[in-house]
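Peer 1: let's see this in three dimensions:
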Amino acid sequence: HGNAAGGNGYDEGNAVAIDSNDNIIVVGRSNGSTGTKAAIWKYTSNGVLDTSFGGGDGFITTTSNGVKTGVVIDSADNIYVTGYAGGEVTLWKYNTTGTLDSSFDSDGIFVFTNPGSDYSYDLVLDQTGNILLTGDLSDGSNSDMFIMRVTPLGNLDTTFGAGLGYITHNNAAGGNGYDSGKAINLDSEGNILIAGSSYDSSYDLAIWKVSPQGQLDTSFGGGNGYVTLNNIAGGNSGDRGEDLALTASGTLVVTGFSVGTTTDEMFLLNLE
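Peer 2: The predicted structure is shown next:
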């Protein structure tokens with residue numbers, strides 16, 4: 001689908017989720033005559049735009065200079081979308097027709113404001129309906145990986161992360177603080193798993209494990225709560241994690257890309 005924002009530029013899907021009726025939700029961005037806007041599309045199981053969504057269009061665009069990067073759907077088919085707009089972490093909650101849920105942070109939109117430019121890339125729901133986000137927070141010079149927990153009402157959960165509602169971590173690779181979380185998942189005990197990257201002289205794949213309360217799990221990664229890997233494809237210019245999943249036996253599967261000696265290569269890791 002093109003021209004969601006009314007222009008003739010690019011449209012991009014970044015994440016997809018399926019509701020209880022097999023409808024397909026796609027989130028991303030659309031470049032139109034007034035700039036790039038965050039976008040969300042809803043399709044039927046047959047791949048046809050659902051005109052009950054978005055006021056008859058089957059899609060909506062919101063927030064200039066924004067992009068939607070992750071989506072999850074709860075048991076009532078409410079749609080939670082994360083991304084960023086104007087350099088701020090943003091979380092939207094929609095009902096099944098594409099209307100913002102005003103019971104969530106009073107207007108359907110949670111925004112986290114920080115001095116630097118911040119990015120949210122992925123989200124997951126825990127068993128009690130809290131929303132966990134990951135991405136990177138900046139102080140204007142360096143960036144830290146973050147995990148943030150938002151309540152079902154759209155407020156920072158200050159029982160998480162020593163009263164802040166979020167935690168940050170940097171220098172996983174021993175560098176100067178460019179760390180980012182790109183994907184988030186939960187294990188069967190509610191522990192939080194993050195895949196992303198950390199910068200030293202180049203980017204290394206980074207994987208973090210954090211307790212449900214927001215503390216690094218030192219049983220993971222040889223006592224650090226995280227592991228880093230580099231040169232997976234035999235090069236020395238960068239390795240980044242993009243997504244992760246858990247197998248039925250509890251092992252961790254991570255994918256991303258590694259810069260090899262001549263080309264970038266996809267990698268797939270299975271970690272105990």
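
Peer 1: how close does the nearest residue to residue 44 once chain neighbours are set aside sit to residue 243?
Peer 2: Spatial nearest neighbour of residue 44, excluding adjacent residues (C-beta to C-beta, 6 or more residues apart in numbering): residue 50 at 5.3 Å. Glycine gets a C-beta too; all of them are placed from N, C-alpha and C. As judged by C-beta to C-beta, to the nearest Å, residue 50 and residue 243 stand 26 Å apart.

Peer 1: out of those two, which sits in the busier spot?
Peer 2: residue 50 (21 against 14; other C-beta atoms under 10 Å).

Peer 1: which phi and psi does the more buried one have?
Peer 2: phi -90, psi 100 (degrees, to the nearest 10).

Peer 1: list the contacts of it.
Peer 2: By C-beta atoms under 8 Å, 6 or more residues apart in numbering, the residues touching residue 50 are 23, 42, 43, 44, 58.

Peer 1: against residue 104, how distant is it?
Peer 2: For residue 50, the distance to residue 104 - C-beta to C-beta - is 22 Å.

Peer 1: equivalent analysis for residue 150, please.
Peer 2: 9 Å.

Peer 1: what do you get for residue 13?
Peer 2: From residue 13 to residue 104 the distance is 24 Å (C-beta to C-beta).

Peer 1: between these two, tell me which one has more neighbours.
Peer 2: residue 104 (23 against 15).

Peer 1: what residues are shared contacts of residue 150 and residue 104?
Peer 2: In contact with both residue 150 and residue 104: residue 110, using C-beta under 8 Å, 6+ apart.

Peer 1: report the central residue of the chain.
Peer 2: Nearest to the geometric centre of the chain sits residue 122, at 1.1 Å (C-alpha atoms, centre = their mean).

Peer 1: phi, psi of residue 107?
Peer 2: Dihedral angles for residue 107 - degrees, to the nearest 10 - are phi -140, psi 10.

Peer 1: tell me the confidence at the residue lying closest to it once chain neighbours are set aside?
Peer 2: Spatially, and ignoring its direct neighbours in sequence, residue 107 is nearest to residue 100 (6.6 Å; C-beta to C-beta, 6+ apart). Model confidence at residue 100, given as pLDDT, is 95.

Peer 1: what's near enough to touch residue 195?
Peer 2: When contacts are counted by C-beta under 8 Å, 6+ apart, residue 195 touches 181, 182, 183, 205, 206, 207, 241, 242, 243, 244, 254, 256.

Peer 1: need the pLDDT of it.
Peer 2: Looking at residue 195, the pLDDT reads 97.

Peer 1: which strand or helix spans it?
Peer 2: Assessed by DSSP states H and E, residue 195 sits inside strand 192-199.

Peer 1: neighbouring strands - and their directions - for that strand?
Peer 2: Using DSSP bridges, the strands paired with strand 192-199 are strand 179-186 (antiparallel), strand 203-210 (antiparallel).

Peer 1: pLDDT weak spots in the stretch 151-272 of the chain?
Peer 2: 173-177, 235-237, 261-262 (pLDDT under 70).

Peer 1: can you map out the strands along it?
Peer 2: Assignment of strands within the stretch 151-272 of the chain using DSSP state E, counting those that start in this stretch yields the ranges 166-169, 179-186, 192-199, 203-210, 226-229, 239-246, 252-259, 264-271.
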